[in-house]
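K.L.:
model the following, please.
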Amino acid sequence: MNCELLATCSALGYLEGDTYHKEADCLESVKDLIRYLRHEDDTRDVRQQLGAGQIVQNDLLPIIVQHGQDRTLFDVCIRLMVNLTQPAMLCFGKIPDDPVFRHHFLQVTSHLQAYKEAFASERVFCILSETLYSLLQLDWDQRQEEDNLLIERILLLARNVLHVPADPCEEKKVDDDASVHDRLLWAIHMSGFDDLVKFLATAQSEQQWSMHVLEIISLMFRDQTPEILVSAGQARSAEEKHRDSQELEALRQKESAEKHSRTLQRGTRHSRFGGSYVIRGLKSIGDKDVIYHRNLHNFKSYTHDTGKAVRRVPKRNRQAQESKVKRRSALNVRIFLREFCVDFLENCYNRLMYLVKEGLIREQTQQHDETYYLWALSFFMAFNRGNGFRADLVSETMSIRAFHFIERNITNYYEMMLTDRKEATSWSRRMHLALKAYQELLLSVNEMDRSQDESIRQSSSVIKSNIFYLMEYREIFLTLLRKYDETRQPPSYLKDLVESTHLFMRMLERFCKGRRNLMVQKKKVRRKKSRGAKKPSTPETSPEALAETWKIVEEELKAIGFQLSEALTQSVVPFDATSETPLEEQRAEAMVRVQDALLARLGPEALGLLRAARSVWPDGDVFGSADVDPEEELELLKQILHANLPRSSPLEPVVEEEDDGLEEEEEEELESVQVSETEFNFLDFIKRFANPGVLRPYLLLLKSYSKNTPHVNHCIIRMLHRLAVDLKMDALLFQLSVFNLFNKILSDPAAAAYMEIVTFAKYVLNRFFSLVAQNNKAYVELLFWKNVGAVREMTEGYSKEDKGKKPTWTEEEEEELRRLYEEHRHSEVPDIVETLLPLLGNNTRTRRQVVTQLVHMGLVDDAKELKKQKKGTQIVLWTEEQEQELQMLFEEYKDSDDVLGNILRKLTAKRSRARVVDKLLSMGMVSERRELYKKKSRNAPGKSSGKGMTEEEFLAELTQGVSDDFLDREDGEDKSEESEEEEDDEREMEESENSTKKSQSIHPTVERRADVGLMVKALQQEGMSGPLLWIQNCLNKTAEDREKDGFSQPVALVPLAEANEDAMDNKSFQRLLRKLGMRPPASEQEIFWRIPAKISASQLRSAAAALNPQEDEPKYGEEQERPRSPAAEAHEDEVSGEQRAQALRALLLARRKKHHSTEHTGMCGRFTVAVCCVR
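P.N.:
Numbers count the residues shown, from 1 in each chain. A predicted model of the protein is given here:
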């Protein structure tokens, strides 16, 4: 011992016989010891030295016993002993893994066990009881803060001493013998300390000690079970005697069967003359048969593994061990504890459990204190149930709130067991404690059903109605069975889980028998597919199907005489005034809704929607005139049905799935939970247990059938009987490991003691051999666990039609796919599969089918090569040079009409619109997105979105062709002011890919374009003859290379000269390149224009020839043979433009005259225009 500690301990005093003589510095010495403990190191050296010096046994306890009248010294000694007796787990935080610290941990624990033995004295607890009693006599206004602290320290000291674990190796006590813990409990009882504990649990003014009281009570009953305490000092009942006799008879039968088996195995010859045998068909190490040198009666147990070293099981895969073994205390201690339980239930239980529950809900307790509440609930309710059940004694915990509290804790413990793997064992024990509490609640509710009191039975019915109605309580056992893990949860947990499930199923079955229609709660989880969502099925639109649909709709409308019900007329609303969608788009959507109703063969709904839309949009007679007759309405509906209306992109499909506890797929995003009611069917509920994941725990527990209680074995066989007999799914048990277990049970000499298991095993085996006569593949099926679908196929016959069969490809389709792939494999399309899909003759092929067939035909090595590219830009980081470039471009174009569009076109590293906007905002160049909107001039014609254009705009669009404005729009300008704010990376990449495909798929002969020569002429006048000659040389050289090599690949147009580089930035020059079929940079990773691989050598030569105006001017007649001046050409273009405008006005005027002349024909014409508007 340290010299300072030794001197301090010597200054306390000395013990002479039974008398302790304290020194003058005793009080200061005790304070010094408290100070030393406050500064001890991680090895707890001070605590170990004081324990080795037996300071508690020889000094502190004699001081408080003989000098308890000194209040100050008594208080300080209690403080020191509370510190010395605190659990070793609190001192070290956890059980140390390091061997050195593990040794210190064990040393501290051994000192605590010595302290506990010293405290097992009636004199010590008499002093503590007297002091506590005198403090409790004080009223709350007379009690000082020091008094409350002393009360708490005395309670903590009692808790610490009771918490010290027993050392069975040192004590070596048997059942009914008094252990150290029993002697400590007896000292508590004889001193009256237990009565003070009950007083603290009931007193209104002492409710702040409720958690301490519950901890002390739980530690007092730590080694006890309710069944043992109930029977303490009581004569055995007839039921107990009958149960014991049954167990004894089973053991006697087992012993006699084993004795008889050993008698039969004893050979008649001497053991040295056992003989040698050859086992035919069983090969040894070599090619010869095994030679057997033992008696034949042991041959059945022969295996090649005999004599081999047992394979070591990894620690993480070992079965979880039980925490501790219960022992039976001395009889007088059990009787005292039984009386304590009776008094506690009658006077304290309801109030104390209420106070503790409120503290737990308000989080006024320490971590894991709810375990004491769960233990008290299960222990005292079990004692009440065994000691003549009285519902009023446990009314506080007989409620739905208790079920909810326990269910929430079970869920929390399971989640923590998965996440906190280092403490998985502790979380598993807490989960087992919560399961025991839930089981006891069910047993108590079941006991209430047997009560003679009608009100109690009514209360039980109310509780059961709530339990069976709510989905969380109804499926908790199904979830726990599926999630059972034998490496973390011990066999005792599985036994309690199986018994609880059996009880719940029996209660639920009995509850359903007396009711015809039982409504229960059902929860559906709405999940939104984020990736890989299937497209919603669309009605067939072939001409034959449309004709059949129209025939049905026409007959239905004629049958009702075109008269609609008032309810249908009022329910149809084609217009949403609160929507932000423009009126023109809502009109187009209304037209599509009419067509959808017709495709769904809902004639009255379509007619009602048409009339409602006509009243909302009477202008233009798009939906017919106001005085249209029924026949004309019928003709209008027919035209709508057959029209090819443009549709917006379909919304993401929303899938509704039941929340059955299964793990969600990775690509699904949880949206919301829908609660509804449905009719409950007990057999459907049992079908949820017909799953290999649920059967596995039952069969795992059945393997220890000889160690199980008869009730546990009955619960297992009852569940298997429900599945095999009630559901007629005995094939679920047709598995080799199950049959091996049945064989072990049937060959057990004591099988007569397990008649229920034997009978069920024989039934299953008979069913299997009956099935083998019909299905010879049943032997192979033994190797696999089966679900419900496999069971049905195994018993009813395998399906001839394979629903999941892959679609077949004919030889012509394979040849077509091979040809198209060879044509496009070297092209620069971003996604070759998307290019092939519209070119295939069979338009029903999906992307997955095409990719699978390409891999199957050997054209592609791996499907990953054809993986769909993710849309969106990949450049995220901005370099310092790029930021400076962005700042310069912003300063240059900040006063232009399209700031953002100009910046995007001039950026060297191409980025998406959203990235550029975010960067401008982060750099502080603009304060809000609105400043980057494109400014529109009032006189400029509005750009149509394609969904609501007028008749004049539509016809003008048809006659314009490929104009300069259209080409400007292709350069990346926005279609609307609102879309600039919401456009993101995927939208921009999609537009880029679409423009790429468009430029690659359209390669008309250059000689046909008369305007190419005009564009070349204009560029030559601007001084770009050099760049034109460079492009012409590149085209000719590429054509020569492709003719020479025999294959083509994209060629980049890299401008090396400064004039060529300036020309590539010129908008007019870029229009010429598009006319010639050149491809602009497809993504941010490309900065040069390219000659696509699809353009043949002849097309390249034609394009090169087109760059010479003299050779490429179109010859429309003899007048064009002579050269014309540019002024004459411009004048001719103006004349032709005026002629087109006059032709348009004449056409529109003729249509209006036609409308006024013939109403019916006009109506059809108006519908044609309406369809165009929708497009």
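
K.L.:
quick check, residue 624 in a helix?
P.N.:
No. Counting by DSSP: H, G, I helix; E, B strand; the rest coil, residue 624 falls outside a helix, being coil.

K.L.:
let me see the contact set for it.
P.N.:
610, 614, 632-633, 636, 1163 (CB atoms under 8 Å, 6 or more residues apart in numbering). C-beta here means a position set from N, CA and C on the backbone, and glycine is covered the same way.

K.L.:
quick one: the residue lying closest to residue 386 once chain neighbours are set aside from residue 336, how far?
P.N.:
Using CB to CB, 6 or more residues apart in numbering and skipping the chain neighbours, the partner closest in space to residue 386 is residue 230 (3.9 Å). Going from residue 230 to residue 336 by CB to CB, to the nearest Å gives 14 Å.

K.L.:
higher neighbour count, these two?
P.N.:
For residue 230 and residue 336, the more surrounded residue by other CB atoms under 10 Å is residue 336, and the numbers stand at 21 against 18.

K.L.:
what's stretch 252-262 in contact with?
P.N.:
Outside stretch 252-262, the residues that touch it by CB under 8 Å, 6+ apart are 748-753.

K.L.:
sec struct for residue 835, please.
P.N.:
helix.

K.L.:
heads up, I number from 328, so please use that
P.N.:
Right, with 328 as the first residue, what we last looked at is residue 1162.

K.L.:
wait, it sits on residue 1154?
P.N.:
Yes. In this structure, residue 1162 is within contact of residue 1154 by CB atoms under 8 Å, at 7.4 Å.

K.L.:
tell me the pLDDT of the residue nearest to residue 713.
P.N.:
Predicted confidence (pLDDT) for residue 557: 88.

K.L.:
got it, and residue 1201?
P.N.:
pLDDT, residue 1201: 45.

K.L.:
next: the one 5 residues further on.
P.N.:
Here, the pLDDT recorded for residue 1206 equals 79.

K.L.:
can you report how many residues neighbour it?
P.N.:
9.

K.L.:
how about it, phi and psi?
P.N.:
phi -80, psi 170 (degrees, to the nearest 10).

K.L.:
got it, and residue 346?
P.N.:
Dihedral angles for residue 346 - degrees, to the nearest 10 - are phi -110, psi 130.

K.L.:
okay, the closest residue to it other than its chain neighbours: pLDDT?
P.N.:
What sits nearest to residue 346 in space, not counting adjacent residues and going by CB to CB, 6+ apart, is residue 393, at 7.1 Å. At residue 393, the model reports a pLDDT of 89.

K.L.:
counting neighbours, what do you get for residue 393?
P.N.:
18.

K.L.:
give me the nearest residue to residue 682, chain neighbours excluded.
P.N.:
residue 537 (4.1 Å).

K.L.:
what are the buried residues along the helix or strand hosting that neighbour?
P.N.:
In this structure, residue 537 sits in helix 537-547 according to DSSP states H and E. Buried residues in helix 537-547, defined by neighbour count with 16 or more other CB atoms under 10 Å: 537-547.

K.L.:
ok, now which ones touch the residue nearest to residue 713?
P.N.:
Applying CB under 8 Å, 6+ apart, the residues near residue 557 are 665, 710, 713-714.

K.L.:
ok, so what distance separates residue 1015 from residue 587?
P.N.:
45 Å.

K.L.:
circling back: contacts for the helix holding residue 537, please.
P.N.:
In contact with helix 537-547 (CB under 8 Å, 6+ apart) are residues 479, 482-483, 485-486, 489-490, 512, 515, 521, 524, 527-528, 664, 667, 671, 679, 682-683, 686, 692, 696, 699-700, 702-703, 706.

K.L.:
pull out the buried residues from those.
P.N.:
Applying 16+ other CB under 10 Å to the contacts of helix 537-547, the neighbour count classes 482-483, 485-486, 489-490, 512, 515, 521, 524, 527-528, 664, 667, 671, 679, 682-683, 686, 692, 696, 699-700, 702-703, 706 as buried.

K.L.:
now, which of the residues you listed lie within strands?
P.N.:
Among the buried ones among the contacts of helix 537-547, no member falls in strands (DSSP state E).

K.L.:
and stretch 711-730, how far from the chain's centre?
P.N.:
Relative to its parent chain, stretch 711-730 has a centroid offset of 37 Å by CA atoms, centre = their mean, to the nearest Å.

K.L.:
what about the strands in the stretch 978-1127 of the chain?
P.N.:
981-985, 995-1006 (DSSP state E, counting those that start in this stretch).

K.L.:
now residue 920, nearest residue through space, not along the chain?
P.N.:
residue 936 (5.9 Å).

K.L.:
so who does that neighbour touch?
P.N.:
Applying CB under 8 Å, 6+ apart, the residues near residue 936 are 899, 901, 917, 920-921, 924.

K.L.:
can you pick the most crowded of those?
P.N.:
Busiest of the contacts of residue 936 [other CB under 10 Å] is residue 921, holding 26 neighbours.

K.L.:
what comes up buried for the helix or strand containing it?
P.N.:
Counting by DSSP H and E, the element that carries residue 921 is helix 910-926. Neighbour counts over helix 910-926 (16+ other CB under 10 Å) mark 911, 913-926 as buried.

K.L.:
then stretch 620-633?
P.N.:
Within stretch 620-633, judged by 16+ other CB under 10 Å, the buried ones are residue 622.

K.L.:
and that stretch, end to end?
P.N.:
Terminal residues of stretch 620-633 lie 13 Å apart, using CA to CA, to the nearest Å.

K.L.:
burial of residue 1251, as a residue count?
P.N.:
Using other CB under 10 Å: residue 1251 sits among 7 other residues.

K.L.:
all strands for the stretch 1128-1277 of the chain, in order.
P.N.:
Counting by DSSP E, counting those that start in this stretch, one finds no strands in the stretch 1128-1277 of the chain.
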